[in-house]
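Visitor: A structural model of the following input is requested.
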Amino acid sequence: MSKRFVSQGRRRFLLDSRVLPSALLLMAFGDARPALAATPACSDAHEPTPRQTAGPFFLPRSPKRTSLLEAGIDGTKVVLSGRVWSSQCKPVPGALLDFWHADDAGEYDIDGFRLRGHQFADGEGRYRLETIVPGLYPGRTRHFHVNVQPPNGAVLTTQLYFPNEPRNARDSLFDRRLLVATGDEDGRKTARFDFVLTLA
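Guide: You can find the predicted model right below:
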């Protein structure tokens, strides 16, 4: 069987079965046109997002906001975004997302709500947070903390990590399934993660 036949067969299978979003197919098969951002795909292969400890620094009743940036906060700015899905591949509109993390120096604000805030996913399950890349502190790699809760559902507590961080390998809590996808957009760092919830 020739390599040409195998390649054409694989392409026909992917197109017929619609396994990949169209933008990924364009990139995979060398289309000369610039690829548009793919609509996030959910599939039966999506496993529920793993749970992790909240750690000692969670504070309830954080303010509602989509940006944690404010005067006096130093660090590399990043936009974290993504969607909240059910394990049945349906968006979860109105899901609560509560974020908190260390500042650029690796310190948490435990007297107030700097670098803390919550928001609700939109009608398509999308969220977007402007903040900074968390700093390092002893024993931990860079990470965001987040609680995700569907309307009238149970809270998922977890953490998100950055790829290619030297401390990932030495952090006992690090889980590669919780890596964000990083990039740049208009000269700004971006991070992306889709949460998958098991709904009752």
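
Visitor: so where do the strands sit in the protein?
Guide: 77-86, 96-100, 116-120, 126-132, 143-149, 156-161, 181-185, 188-192, 195-197 (DSSP state E).

Visitor: For the ones you listed, please prepare CSV with the additional fields mean neighbour count, distance to T66 and mean pLDDT.
Guide: Placement of C-beta: from N, CA and C, glycine included. Shown next, in CSV, are the strands of the chain (neighbours: other C-beta atoms under 10 Å; distance: least, C-beta to C-beta, whole Å; pLDDT from 0 to 100):
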stretch, mean neighbour count, distance to T66, mean pLDDT
strand 77-86, 21, 10, 98
strand 96-100, 22, 10, 98
strand 116-120, 20, 5, 98
strand 126-132, 19, 6, 98
strand 143-149, 22, 14, 98
strand 156-161, 22, 17, 98
strand 181-185, 11, 16, 94
strand 188-192, 16, 15, 95
strand 195-197, 21, 16, 97
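
Visitor: and R83, what does it touch?
Guide: For R83, the contacting residues are 40, 91, 121, 124-127, 194-195, by C-beta atoms under 8 Å, 6 or more residues apart in numbering.

Visitor: what's the closest non-adjacent residue to it?
Guide: G125 (4.5 Å; C-beta to C-beta, 6 or more residues apart in numbering).

Visitor: Go ahead and confirm the one you found touches P93.
Guide: Yes - if you go by C-beta atoms under 8 Å, G125 and P93 touch, sitting 5.9 Å apart.

Visitor: just to revisit the earlier point, from T141, how far out is the residue nearest to R83?
Guide: 28 Å (C-beta to C-beta, to the nearest Å).

Visitor: ok, those two, which is more surrounded?
Guide: A direct count of neighbours by other C-beta atoms under 10 Å for G125 and T141 places G125 higher, at 23 against 19.

Visitor: quick one: that one and L156, what's the gap?
Guide: Applying C-beta to C-beta to G125 and L156 gives a distance of 14 Å.

Visitor: and R61, how many neighbours does it have?
Guide: With other C-beta under 10 Å as criterion, R61 counts 8.

Visitor: how close does it get to D104?
Guide: R61 is 25 Å from D104, by C-beta to C-beta.

Visitor: Same question for Y161.
Guide: 17 Å.
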